[in-house]
Structure formats: C-alpha cells, structure tokens
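[1] got a predicted structure plus its sequence, pasted below:
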Amino acid sequence: MKNLKISSLLVLLLFVFIPTICISQTTVKTVPMPTQQNKIIIDKIVEAAHYKNYVVDFCLETINEAAQKEKWNDQKTVEITESINYKNFRDAVYNMFAFYNEIELETLLNTYKQDTAYRTTNVMIANDALAYNLEIFANDIVRGKYKK
C-alpha cells in the first residue's frame, strides 16, 4: 500500500513537471534591438567606419572563392553577386550595438568622424560575434539564399 502511494505521488509529480519543461523549450527569445533613435546613430557609425563597404567586399571575396572552387560560369557568379544587399545583414549590426545607450553611440560616432586612424581599428571588424555572423551571411549568399 505504501509503495502504491509513493508511485502515485511520483506519477503525479511527473505529470505536473512535464508541461513546465515543454513550455520552457518552446518559448521564443527576442533578439535585443536598439531604439529607433539609436538605429539612426548606428547607421551613421556604419557610414563613418565604411563598414558597408567591408561587408560587400567580404561577400565578394567569399563569392569569388566559391566560384573558383566550384567552377561557376560567369552568369551564376554575376547572379549571386547581385544578391548582395547590406540590408539583409543590418540587423546583426543593430544587435551588436543594442546594449549601448545614446550617449555612448554618439561618442563612438564622433570618434569615427574626428579620428581617421580610429577607422582602421573598426570596432565592428574586431567583434568576434559579428565576424561570425558575417561569415554565415556570406556563405548564405554563396548558397543562393538571397537570390531574387
């Protein structure tokens, strides 16, 4: 009788905790993003740091490597090259700056504008997470994910 009570208690606890575990695995985490005002400042930082050009050049290098390796024809190479669009990568940049406040972003922007030497030590290029995201983005372009 005692074993039956313990067994039924364990079964009851099991049924109580299983939905909790299932719900915790299906909840969607939102990606942190900056405010609209901060997005404007971030776009100015990207311009001052010439990061858009860096992204496009990196994607072009990746495409050219894949084209040589896989022996693409010129038409496919041009088609894949035309699918490069910085706007598809912009959210990763926004996410990187999501934890900065407006004053910090303005300070960074002013530093980029005033100090040309600072542009060579681009904070976006030095960020490992953003570099990893850029590699994924470039590889997705090569696979044709962004083809029109």
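    Okay, I see it.
[2] hey, let's count contacts and neighbours off CA atoms from now on
    Fine.
[3] pull the helix or strand with minimum mean pLDDT from this structure.
    Ranked by mean pLDDT, DSSP states H and E, the weakest helix or strand in the chain is helix 2-26, scoring a mean of 61.
[4] tell me the helix or strand right after it.
    helix 36-49 (DSSP states H and E).
[5] what's that following helix packed up against?
    helix 102-114 (3 or more Cα pairs under 8 Å, 6 or more residues apart in numbering; DSSP states H and E).
[6] confidence score at the residue nearest the centre of the chain?
    Geometric centre of the chain, nearest residue: A92, 3.1 Å, by Cα atoms, centre = their mean. Note for A92: predicted pLDDT of 93.
[7] now swap in L130 and tell me
    pLDDT, L130: 88.
[8] that one contacts Y94, doesn't it?
    No. At 10.2 Å, L130 does not count as touching Y94 under the criterion of Cα atoms under 8 Å.
[9] any idea which helix or strand carries the residue nearest to V31 when sequence neighbours are not counted?
    In space, and not counting its chain neighbours, V31 is closest to N95: 7.2 Å by Cα to Cα, 6 or more residues apart in numbering. Using DSSP H and E, N95 falls within helix 90-96.
[10] what does Y146 give?
    With DSSP H and E as criterion, Y146 is part of no helix or strand.
[11] which residues touch E79?
    K147 (Cα atoms under 8 Å, 6 or more residues apart in numbering).
[12] near the residue nearest to V93 when sequence neighbours are not counted, how many other residues are there?
    Spatial nearest neighbour of V93, chain neighbours left out: L130 (7.1 Å); criterion: Cα to Cα, 6+ apart. Other residues near L130 come to 18 when the count uses other Cα atoms under 10 Å.
[13] if I look at L130, how far off is T77?
    In this view, L130 and T77 are 25 Å apart by Cα to Cα, to the nearest Å.
[14] tell me how many other residues crowd the closest residue to V46 other than its chain neighbours.
    Counting by Cα to Cα, 6+ apart, V46 lies nearest to K52, which is 6.5 Å off, once chain neighbours are set aside. K52: 18 surrounding residues under other Cα under 10 Å.
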